[in-house]
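> what shape does this take:
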Amino acid sequence: MKREKFGSRLGFILVSAGCAIGIGNVWKFPYMCGQYGGAAFILIYLFFLLIMGIPILVCEFAIGRGSQRSVAMALDTLEKPRALYHRTKWMSVAGNYLLMMFYTTVAGWMLCYCFKSIKGDFNGATPEQVAGAFDHMLGNAPQMLFWMALVCVLGFGVCAFGLKGGLERVSKVMMTALLLIMVVLAVHSVFLNGAGEGIQFYLVPNFSRMVEAGIGNVIFGAMSQAFFTLSIGIGSMMVFGSYIDKKRSLTGEAITIASLDTFVALMAGFIIIPACFAFGVEPGAGPSLIFITIPNIFAKMAGGQIWAALFFLFLSFAAFSTVTAVFENIISFTMDLGGWSRIKSVLINGIAILLLSIPCVLGFNVLSGVQLLGEGSTIMDLEDFIVSNNLLPLGSLVFVLFCTRKSGWGWNGFLTEVNAGKGMRFPAILRLYVTYVIPALIIFIYLTGYYDMFSPMGWPYLLGWMAVALALLAFILCCAIVKRREKPSQTAARS
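The predicted model follows:
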């Protein structure tokens, strides 16, 4: 089957950026920034984005373009004989499905609140009524199921029209509208009365706030956010590398996409944090920041209905751009593995994601008693933990090892692919850094994050979850080091 290609370089950049730009930028980044000390957290986040995020993104694009396959077959195609890297691909495949199992629910929240804002449901509402509306939505399983199902139908519907006719065309429109709405909202927020203190919190580093939040928590949060916001580590970006030609080198493209993604994240902070300070609310309110705190702010603004509608339309576009991009990746799995047609892949995966997303929806109501990460946690927290704290950093470790070790693709093969075409070259001088330093950083921060997260829960929790972390890490390292034994028939055939 002939590989589909993007119609233009702009299409590749906007679709890839759309995959990266999503809930991680406009929902997660602002509240993490509020929780972890504002500008100090941003500096560490940008540092990890530069030293780890961009090199790993380059690795993903290179593997995709070099193999002309999604992660379901890319490692099989490029690895050396007898290598075991292909066994790790199932982590990436599972990661994409797991990501959509909770991402579709949150994207449904965005659509629901966009609809509510356009209707004017929050006009003149009291803080108690706004908070009650969010709690009512979470407790209303049929309503949540409807919005989640709508996300699935619309997302797979776009992908059914193909790469150029569906995903690329829709992404160009959505991303253009998203950027325009975002700039309008940011300018409006910055000029609110009392926003100056929020701007200072956002732009002037105060490391004492970082100490209060826990330095380990802040560092791990910044690293995992750099992975989450770029959608690296589970092959979500790899498939778009397989859809581009060799006219441009990959380093410059990766920097462009990372810069656009970072710009949107920073602008989302400019929309939310100054507004929080202007109206005297806590910017570190956590995941409820978007759905409780922000509607309260808009309820106090002149023309609040219009600004709220624009804001949640912006959030819906950001979420939906990621949904369609990851759906495309999931569709490509079955097309690569089973040779299925696009329509067959759309129908079967659409039904699968719809069914797999139901536990997350029910985790806020019918299944609210399932609290595997401790008291007060939900099924979505568990799914997010598996993806964000495990599969993204561990998948990134796999891709870096694969691109640098001789048992995988190897440095020379990686560098040749990355630097094919016009544009910025990936510096060969970074070989030792990419080969040894980045893997060491990922492993250290990955294990430190486990310790910081589970040590307050007591030794049984900590030892149990650390055993899980070490087992996953050992599996990856074994796949990178150990070679398969040849069958006697293969040895005899060679002799």
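> buried residues in the helix or strand harbouring Glu128?
Here Glu128 sits within helix 127-139, counting by DSSP states H and E. Buried residues in helix 127-139, counting neighbours by 16 or more other C-beta atoms under 10 Å, are found at Val130, Ala131, Ala133, Phe134, Met137, Leu138. To be clear about C-beta, it is placed using only N, CA and C from the backbone, and glycine gets the same treatment.
> same check on stretch 254-267?
So stretch 254-267, judged by 16+ other C-beta under 10 Å, has buried residues Ala254, Ile255, Thr256, Ile257, Ala258, Leu260, Asp261, Thr262, Val264, Ala265, Leu266, Met267.
> mind listing the helices for the stretch 201-350 of the chain?
207-213, 215-230, 238-241, 250-278, 293-300, 304-338, 342-356 (DSSP state H, counting those that start in this stretch).
> would you convert those into CSV that also reports mean pLDDT?
Formatted as CSV, those follow (pLDDT from 0 to 100):
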stretch, mean pLDDT
helix 207-213, 75
helix 215-230, 77
helix 238-241, 90
helix 250-278, 87
helix 293-300, 75
helix 304-338, 87
helix 342-356, 96
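> quick one: Leu394 from Leu180, how far?
The span separating Leu394 from Leu180 equals 37 Å under the rule C-beta to C-beta, to the nearest Å.
> one step back: between helix 304-338 and the helix or strand following the helix holding Glu128, find me the angle.
Following helix 127-139 in sequence order, the next helix or strand is helix 141-160 (DSSP H and E). Angle, helix 141-160 to helix 304-338, by axes from the mean of the first three to the mean of the last three C-alpha atoms, to 10 degrees: 60 degrees.
> between the buried residues of stretch 254-267, which is nearest Ala302?
Met267 (22.2 Å; C-beta to C-beta).
> helices and strands of this structure: which one has the lowest mean pLDDT?
Lowest by mean pLDDT, DSSP states H and E among the helices and strands of the chain is helix 488-494, with a mean of 49.
> coming back round to it: reformat the helices of the stretch 201-350 of the chain as JSON lines; add distance to Leu470.
Output for those, formatted as JSON lines (distance: least, C-beta to C-beta, whole Å):
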{"stretch": "helix 207-213", "distance to Leu470": "26"}
{"stretch": "helix 215-230", "distance to Leu470": "17"}
{"stretch": "helix 238-241", "distance to Leu470": "27"}
{"stretch": "helix 250-278", "distance to Leu470": "31"}
{"stretch": "helix 293-300", "distance to Leu470": "39"}
{"stretch": "helix 304-338", "distance to Leu470": "28"}
{"stretch": "helix 342-356", "distance to Leu470": "28"}
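> not counting residues beside it along the chain, what's closest to Ala131?
Spatial nearest neighbour of Ala131, excluding adjacent residues (C-beta to C-beta, 6 or more residues apart in numbering): Ile292 at 5.1 Å.
> can you count the residues close to the one you found?
Applying other C-beta atoms under 10 Å, we find 19 residues neighbouring Ile292.
> that one contacts His136, doesn't it?
No: in this structure Ile292 lies outside contact range of His136 using C-beta atoms under 8 Å: 11.9 Å.
> what ranges does the stretch 351-495 of the chain have for its helices?
Using DSSP H, counting those that start in this stretch, helices in the stretch 351-495 of the chain cover 358-362, 379-386, 392-404, 411-418, 431-432, 438-454, 459-481, 488-494.
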